[in-house]
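Asker: got a structure for you, letters missing:
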């Protein structure tokens with residue numbers, strides 16, 4: 001009985017701290033694009049360029065957009081879940097780019113809680129206890145091929 005009371009007391013104190021977890025994971029864009037799960041989905045007709053990354057000549061810059069994708073983090077490593085969330089965001093960008101006649105998404109930045117994080121190699125992702133999410137902002141563009 002004492003063990004049950006002690007366990008109950010411990011478990012009541014954990015949820016507040018556990019639910020507040022917000023681990024920042026930085027994932028290289030190249031690793032997401034080369035994931036086996038990306039094959040066949042990212043078809044190569046739309047290229048992705050992080051802010052600060054060298055791009056081919058931009059022929060026409062179109063509108064800016066945000067993609068905020070989440071995934072269930074249970075049973076997955078933070079890194080894999082982040083890659084999955086980022087891949088989902090890229091797929092959403094690809095679909096919208098094609099609809100607008102764009103062949104690239106340029107100036108991609110992390111956009112967690114509307115705060116931009118820039119890197120020319122990685123994308124920022126946030127892992128909580130149950131949910132992992134990646135928010136990205138970028139501009140659709142037509143680039144020279």
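Answerer: Cool, the structure landed. Small disclaimer: the values here were computed from a predicted structure and weren't measured. Numbers count the residues shown, from 1 in each chain.
Asker: Name the residues of the longest strand seen in the chain that are buried.
Answerer: Determined from DSSP state E, the single longest strand within the chain is strand 58-72. Buried residues in strand 58-72, counted by 16 or more other C-beta atoms under 10 Å: 62, 65, 67, 69-71. The C-beta positions use only the backbone N, C-alpha and C, and glycine is treated the same way.
Asker: Tell me where this structure has strands.
Answerer: If DSSP E is used as the criterion, the strands of the chain fall at 23-28, 47-50, 58-72, 104-110, 122-127, 131-143.
Asker: In CSV, list these along with distance to residue 96 and mean pLDDT.
Answerer: Shown next, in CSV, are the strands of the chain (distance: least, C-beta to C-beta, whole Å; pLDDT from 0 to 100):
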stretch, distance to residue 96, mean pLDDT
strand 23-28, 21, 97
strand 47-50, 13, 98
strand 58-72, 6, 97
strand 104-110, 9, 98
strand 122-127, 18, 97
strand 131-143, 7, 98
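Asker: Output these as a markdown table; include the columns distance to residue 40.
Answerer: A markdown table is the format used below for the strands of the chain (distance: least, C-beta to C-beta, whole Å):
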| stretch | distance to residue 40 |
| --- | --- |
| strand 23-28 | 20 |
| strand 47-50 | 17 |
| strand 58-72 | 19 |
| strand 104-110 | 19 |
| strand 122-127 | 21 |
| strand 131-143 | 21 |
